[in-house]
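Colleague: Give me the fold of what follows.
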Amino acid sequence: MPSFDVVSEVDTHELSNAIDQAVREVSTRFDLKGSNAKIELKDSVIKIEAENEFQLKQISPIIYTKLGKRNIDIRCLEKGKAEPRGKRAYQDITVKQGIEKEDAKKIVKLVKEMKVKVQAAIQGEQVRITGKKRDDLQQVMASLKASDKLEMALQFNNFRD
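Modeller: Numbering: from 1, shown residues only. Presented below is the predicted three-dimensional model:
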């Protein structure tokens, strides 16, 4: 029976490449030159450090642009609050991996509302969609991509006939 998995994953290699590019751009940008601004990726958290909150706000779009160019959906990012500490400002951006239970339930509910002959089952941090017809599965994929009710980056893999 044809099936596919709905997942929310980020390619960690592409993520680290994007962060490296952002670090290079920040070090050469005229308005940030000499500011000692830092960007680093630890586990799945992007840590930004700058002289003040204004510079933090200038660095975030650079990161988002680099991620976008490497096909990483920025909906997988959870921006933390800017924290001024001493003479510096810090901010963490968490990279979310996997689909949480509540979001998985939303996906299953959306699939059921489509009234297509498919079944959706939650399997850990992913949702498996199975159906008899390939066209039905492709219709579900298109609907999930187009849905504005889901505020997360979705990928579809393990498409089987």
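
Colleague: domain assignment for the chain?
Modeller: 3-8+99-160, 12-95 (automatic domain parsing).

Colleague: Need the pLDDT of residue 52.
Modeller: At residue 52, the model reports a pLDDT of 87.

Colleague: Helix or strand with the lowest mean pLDDT in this protein?
Modeller: Sorted by mean pLDDT, DSSP states H and E, the helices and strands of the chain end with strand 155-160, the least confident at a mean of 84.

Colleague: okay, it in PDB with CA atoms only?
Modeller: Extracted C-alpha coordinates of strand 155-160, given in PDB (Å, rounded to 0.1, in the frame of the first residue of the first chain):
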ATOM      1  CA  GLN A 155       9.100  17.600   4.500                       C
ATOM      2  CA  PHE A 156       7.800  14.400   2.900                       C
ATOM      3  CA  ASN A 157      10.000  11.400   2.700                       C
ATOM      4  CA  ASN A 158       9.900   7.600   2.300                       C
ATOM      5  CA  PHE A 159       7.300   7.800  -0.500                       C
ATOM      6  CA  ARG A 160       6.600   4.100  -1.300                       C
END
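
Colleague: Would you mark the buried spots in that strand?
Modeller: By 16 or more other CB atoms under 10 Å, the buried positions in strand 155-160 come out as residue 156. Using the backbone N, CA and C atoms, a C-beta is placed for each residue, glycine as well.

Colleague: Strands of the protein, start to end?
Modeller: Ranges of strands within the chain are 3-7, 38-42, 45-50, 77-79, 83-85, 88-95, 118-123, 126-131, 155-160, based on DSSP state E.

Colleague: which one of these lies closest to residue 105?
Modeller: Closest to residue 105 of the strands of the chain is strand 118-123 (CB to CB; 7.3 Å).

Colleague: For the spatially most central residue of the chain, which non-adjacent residue is closest in space?
Modeller: In the chain, the residue lying closest to the centroid (CA atoms, centre = their mean) is residue 76, at 2.0 Å. Once flanking residues are discounted, residue 76 sits nearest to residue 153: 4.2 Å by CB to CB, 6 or more residues apart in numbering.

Colleague: The one you found against residue 71, yeah?
Modeller: No. Using CB atoms under 8 Å, residue 153 is not in contact with residue 71, being 10.2 Å away.

Colleague: ok, back up a step: reformat the strands of the chain as TSV; add distance to residue 102.
Modeller: TSV is the format used below for the strands of the chain (distance: least, CB to CB, whole Å):
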stretch	distance to residue 102
strand 3-7	15
strand 38-42	27
strand 45-50	22
strand 77-79	15
strand 83-85	27
strand 88-95	17
strand 118-123	11
strand 126-131	12
strand 155-160	19
